[in-house]
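Q: 3D, please:
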Amino acid sequence: MIEVFEKPDAACCQRLRNDLTSLGHLLVEHDPRWLTVLNAGLGQRPYLLLDRSSDGNLCGYLPLALVSGRLFGRFLVSLPYLNHCGVVSNNVKTSMALIDAAVKLADRLDVQYLELRHLNPVPSDQLVVQRDDKSLMILDLPSGKKDLWSVIGSKVRNQIRKGQKNDLSIIWGGQELIGEFYNVFAINMRDLGTPVYPRRLFSLMMMQFKQAAEIAVVRYGDRPVAGALLITMGGTTQVPSASSLRSYAATCANMWMYHQLLCRAIDRGSRRFDFGRSSEGSGTYRFKEQWGAKPLATVWQYYVRRGDINIARPNSPKFKRRIAFWQRLPVWMTRLIGPPIIRGIP
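A: A predicted model of the protein is given here:
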């Protein structure tokens, strides 16, 4: 029988983490601490769907968050902000039962759609709509940093050398670097025409994931010009958010930073580096591909009750003028009005 927990408490989440660890299923995306981060950082109501055997052993689980806003409506997502999440189970029957329970919850909450961000499609007669236009870009890391230098192409090495010739330095840390990281991030999001996440979201990631999370800030002289937040778990390092200032592109700070991030991942014993999702042929896809990353297909599956799954996608033509308007706003204003908007975007 599927149990549905609304706003699961710390004890429930800790037990689940222990179960996932023992089963070898505790990936970064499936860590239940994300529910706390999304709830406290974005105001998104968390739900936890669990299936346990009669003796209490975990058979499957599905984390969900209710995304709600005045601009776009209501959505039930697993999970917002993350590139992939969705159902975790040890058999098809359990997977289908979890999806059925999620569909019932979506009906009860009267959302426009249920979105499950899977790597591989889960069989279901109710998830009849899907998106598979983006892939995760994954780099299998060599055992040493010298081997990494030989793996990356000559063009990338030249840009890294250009960065080395500039007055660039990198600082690693935690909460004390959030201010510098966020200043760069907010400027970059404004330049992209995208509402910025609240600073509190990143602070909560550092608090929840503790030693698994760290912040890198690249400085040009005394000026922060690039930054990234890394999470390392289960042999994989990923970068949930990273940014650099376009006005300092000539320093090659972004390329230099990513080389530092890859070296850091190797130092921490990671076997894979997750660059995140991109559409084939896009600028971000080519950026990740030049480092040697290979595409890994993702399938986002939907139970649609009404409306269009692309209603809030930034690449929709209807947002072109809004994006241009946002890019002209002062950064301080986007930091003020951006977080209430982004909270409602799945």
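
Q: burial count for Arg117?
A: For Arg117, the neighbour count with other CB atoms under 10 Å is 21. Any C-beta I mention is one placed from the backbone N, CA and C, and that applies to glycine too.

Q: packing partners of the helix or strand that contains it?
A: Using DSSP states H and E, Arg117 sits in strand 113-118. Under the contact criterion of 3 or more CB pairs under 8 Å, 6 or more residues apart in numbering; DSSP states H and E, strand 113-118 touches strand 73-78, helix 92-109, strand 299-304.

Q: please identify the most buried of those.
A: Among the helices and strands packed on strand 113-118, the stretch with the highest mean neighbour count (mean count of other CB atoms under 10 Å) is strand 73-78, at a mean of 24.

Q: give me the contacts around that strand.
A: Strand 73-78 has contacts (CB atoms under 8 Å, 6 or more residues apart in numbering) with 47, 62-68, 85-87, 102, 105-106, 109-117, 307, 311, 346.

Q: rewinding a little: tell me what the helix or strand following the strand holding Arg117 is packed against?
A: Using DSSP H and E, the helix or strand that directly follows strand 113-118 along the chain is strand 129-131. In this structure, strand 129-131 makes packing contacts with strand 299-304, judged by 3+ CB pairs under 8 Å, 6+ apart.

Q: returning to what we had before: to Asn188, which of the helices and strands packed on strand 113-118 lies closest?
A: Smallest distance to Asn188 across the helices and strands packed on strand 113-118 (CB to CB): 24.1 Å, for strand 73-78.

Q: ok, then the element right after that closest one?
A: Scanning onward from strand 73-78 (DSSP H and E), the first element met is strand 88-89.

Q: start and end of stretch 66-82, how far apart?
A: The first and last residues of stretch 66-82 sit 14 Å apart, counting by CA to CA, to the nearest Å.

Q: and the strand holding Arg117, what's its mean pLDDT?
A: Mean pLDDT, strand 113-118: 96.

Q: could you do stretch 269-285 as well?
A: 92.

Q: show me what that stretch is in contact with.
A: With CB under 8 Å, 6+ apart as the test, stretch 269-285 has contacts from 83-84, 133-141, 232, 235-240, 261-262, 265, 288, 291, 293, 295, 298.

Q: mind checking which of those residues are buried?
A: Buried residues within those, counting neighbours by 16 or more other CB atoms under 10 Å: 83-84, 134-139, 141, 232, 236-240, 261-262, 265, 288, 291, 293, 295, 298.

Q: export stretch 34-45 as CSV, just CAs?
A: Taking Å, rounded to 0.1, in the frame of the first residue of the first chain, the C-alpha atoms of stretch 34-45 are listed here in CSV:
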residue,chain,number,x,y,z
TRP,A,34,15.8,18.3,-1.5
LEU,A,35,12.2,18.3,-0.2
THR,A,36,13.3,20.5,2.7
VAL,A,37,15.4,22.7,0.4
LEU,A,38,12.5,23.3,-2.0
ASN,A,39,10.0,23.9,0.7
ALA,A,40,12.0,26.3,2.7
GLY,A,41,13.8,27.9,-0.2
LEU,A,42,11.0,28.2,-2.8
GLY,A,43,7.9,27.7,-0.7
GLN,A,44,7.0,24.6,-2.7
ARG,A,45,4.9,22.1,-0.7
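
Q: distance from it to the middle of the chain?
A: Here the centre of stretch 34-45 is set off from its chain's centre by 13 Å, with CA atoms, centre = their mean, to the nearest Å.

Q: which other helices and strands contact the one helix or strand in the chain whose mean pLDDT sits lowest?
A: The helix or strand of the chain with the poorest confidence is helix 10-23; it has a mean of 83 (mean pLDDT, DSSP states H and E). In this structure, helix 10-23 packs against helix 33-42, strand 45-52, strand 58-69, with contacts taken as 3+ CB pairs under 8 Å, 6+ apart.

Q: mind listing what's buried along whichever strand or helix holds Met257?
A: Element membership for Met257 (DSSP H and E) is helix 253-267. Burial within helix 253-267, assessed by neighbour count using 16+ other CB under 10 Å, is assigned to 253-266.

Q: residues of the least confident helix or strand of the chain that come out buried?
A: By 16+ other CB under 10 Å, the buried positions in helix 10-23 come out as 12-13, 16, 19-20.

Q: which ones are touching the residue positioned nearest the centre of the chain?
A: Centroid-nearest residue in the chain, with CA atoms, centre = their mean: Leu82, separated by 3.2 Å. Residues in contact with Leu82 (CB under 8 Å, 6+ apart) are 29, 34, 117, 240.
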